[in-house]
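>>> What shape does this take:
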Amino acid sequence: DKKPEPSLASINPICLGNAATFTLSEGNAEVTAATYVLKEVGVTAAINNDLKVGVAYDHTPTTQGTHTYQVTATNGVCLSNSTTIEVVVASKPTFEAEADKDAICQGEDVTLTLKNYPAASTEYYWVDASSSNQQAVVTVNPTSVGKVTYVASVTAVCTDTMQVHVQVDAPINATIQPVSPICLGESTTLQVVGSEDYKYEWSPFNDCATPYKQNTVVTPSAAGEYTFVVAITTVNETCNDEQSVTLQVNDNPRIVHLDTCGIRQVMVEAEGGKAPYNYQIDKYPDLYFHGESGAVKFSEVPIGFHRMYITDDTGCSADSLFEIPAIPIKPEKYFTPNGIGDDKSNLWTVEDLDENYTSYIVEIYDRYGRKLYEYRTGSFNVDGANSSEELGWDGTYNGHQMPSDDYWYLITVEEIRKQYTGHFTLKR
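Here you go, the predicted model:
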C-alpha cells in the first residue's frame, strides 16, 4: 500500500472566541482510502477523528496564545503524520478612549482622544466622527441635544470598540421680565420666564430676598435707579447666560405741615416726590385739590378724625391722620324775659350752636321733668326744616309765663354724636 502524505493549510492569526478553519489535503494521489485524525500537539484527545480531505473544518480554541496542530493519517498498513501548523490566538486589543469634556453647551467643540493602544495596531480611528484611519485625536462639534455617543475602534489582529458619551445641553432659553417703577418702601418681584431646572443667582446679592431662586423679591432702601443682574446656568453648568433689568424707585412725597386753622378748616403742605400733587381728605369728592407744592387750605371739613392723602405725579403717596375738633357750644346760664316785642334778650338760646351745626335737638324741662320746649332741625326734623322760626325759648309754656326758677336743658348734636346737659336760671 501507498503511504499517506497529509498536509494542513496554514491559518492566519485569529481572535480569541473565533474559529480556526482547517483544510486537509493529501499529497499522494495513489492513496484512495485513509483515516485522518486532527489533534493539538501535547493534547491527548483528538479534535476530529475523521477529518475529510478538501472539506473545511472549524475549531474554536478556548485560550489565547500559539496553538500547534497536526494530522495523523493511516490506511490500515501505513501510518504517517503531517507537518505541524501554528495558529496564533490573539485577545482583543486594550486601549483608552476619552473626551476632554463630559458635558458641553450646544455649539461647543469636543476633543476625542484614543491612547495606549497596541503599537502593532493596523487600524485605530473614531467611527462616525469624520475620522480617518490611524487618527487618534479628532475634534467634533455635536449638533444634537442630549446624550451623544462616539465609538472608538482599534484593530490589532482583533478589533474592539469603546463608547464615549458626551452630554450636550441646549443653550439657555430664558427671558427676564421688565418691572414697573415702585415707590420707596414698596417691594416688587423680579421674574424670569424660563426652565425651573436652571440654576439662578441674582445680584446685588444682599438686596434680594431669595437670590438663588428663579424669582426674587426686592425692597430697595433708597430712591434711585437700580440694576439687577441674574446669572443663569444649566444643571451641568455647561450653558450660561446673564441678563439684567432696571428698576426705578421713586421717592415718596412728604407732608411737612398739617394743622387745623379755624373752624372746620385744615392747612396742609407737601414736598418731595414729584409735583404736582393730588390732595384728598378721606374719600370726600369735594375735599380734593390738584396742584404744585405749597400750602393748601381745605374748608368745611366735617368734625372728627380724617386722613389726609397726598399722591404725587409718579403715583407715590403719603398720608397722615388729623382731627377737626368739635366746636364748643355755650348755653346761656340765665335769661330775663320781659315779654316785650321780639327782642332776642327775651329768649334763652345757645351760642355757637345754630351757627356751626345743622342737625340738633334742644329740649327744656322744669324741675319736675315736664318738657316745656323742644326745637328740632336738620335730620332730626321729619320735614327737614326747623321746628320753629328760630332757636330760643321765651320762658312760656302753652302761652303761660313760667316763674323764676332753674330749668334743665338737653342738647343733642348729631354730627359729633354728643349730648350736653345742664341747667340755667330764669329771672323775672
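>>> Which strand or helix spans residue 244?
strand 240-250 (DSSP states H and E).
>>> same check, this time on residue 390
Using DSSP H and E, residue 390 falls outside every helix and strand.
>>> Could you report the separation of it from residue 239?
Per Cβ to Cβ, to the nearest Å, residue 390 is found 89 Å from residue 239. Heads up, the C-betas are built off the backbone N, CA and C, glycines and all.
>>> These two: which is more packed in?
residue 239 (22 against 11; other Cβ atoms under 10 Å).
>>> In contact with that one, which residues?
105-106, 169-172, 233 (Cβ atoms under 8 Å, 6 or more residues apart in numbering).
>>> Nearest spatial neighbour of it, chain-adjacent residues omitted?
residue 105 (3.8 Å; Cβ to Cβ, 6 or more residues apart in numbering).
>>> now swap in residue 298 and tell me
Using Cβ to Cβ, 6+ apart, the nearest residue to residue 298 is residue 266, at 5.1 Å.
>>> isn't the one you found right up against residue 257?
No - counting by Cβ atoms under 8 Å, residue 266 stays clear of residue 257, with 10.3 Å between them.
>>> ok, the two, which is more surrounded?
A count of neighbours by other Cβ under 10 Å puts residue 266 above the other of residue 266 and residue 257, at 21 against 11.
>>> What's the separation between the more buried one and residue 324?
For residue 266, the distance to residue 324 - Cβ to Cβ - is 7 Å.
>>> any common contacting residues for these two?
In contact with both residue 266 and residue 324: 260, 301, 306, using Cβ under 8 Å, 6+ apart.
>>> What ranges in the stretch 151-300 of the chain fall below the confidence cut-off?
Along the stretch 151-300 of the chain, no part satisfies pLDDT under 70.
>>> what are the ranges of the helices in it?
Here the stretch 151-300 of the chain has no helices by DSSP state H, counting those that start in this stretch.
>>> where do the strands sit along it?
158-169, 175-176, 182-183, 188-190, 192-193, 199-203, 216-218, 224-233, 240-250, 253-262, 265-272, 277-281, 288-291, 294-298 (DSSP state E, counting those that start in this stretch).
>>> Quick check: buried residues in the longest one?
Put plainly, it is strand 158-169. Going by neighbour count (16 or more other Cβ atoms under 10 Å), the buried part of strand 158-169 is 158, 160, 164, 166-169.
>>> what's the answer for the last one, then?
Across strand 294-298, burial judged by 16+ other Cβ under 10 Å covers 296, 298.
>>> who touches it?
So strand 294-298 is contacted by 257, 261, 265-269, 279, 281, 287, 289 (Cβ under 8 Å, 6+ apart).
>>> For those residues, which two are the farthest from each other?
Using Cβ to Cβ, the pair of those lying farthest apart is 257 and 287, separated by 17.2 Å.
>>> how close does residue 423 sit to residue 396?
Looking at residue 423 against residue 396, where the rule is Cβ to Cβ, the gap reads 18 Å.
>>> Could you report the neighbour count for the residue nearest to residue 396 when sequence neighbours are not counted?
Nearest residue to residue 396 in three dimensions, chain neighbours excluded: residue 402, at 6.4 Å (Cβ to Cβ, 6+ apart). Neighbour count for residue 402, taken as other Cβ under 10 Å: 18.
>>> Run through the residues that contact residue 402.
Taking Cβ under 8 Å, 6+ apart, one finds 366, 372, 395-396, 426 in contact with residue 402.
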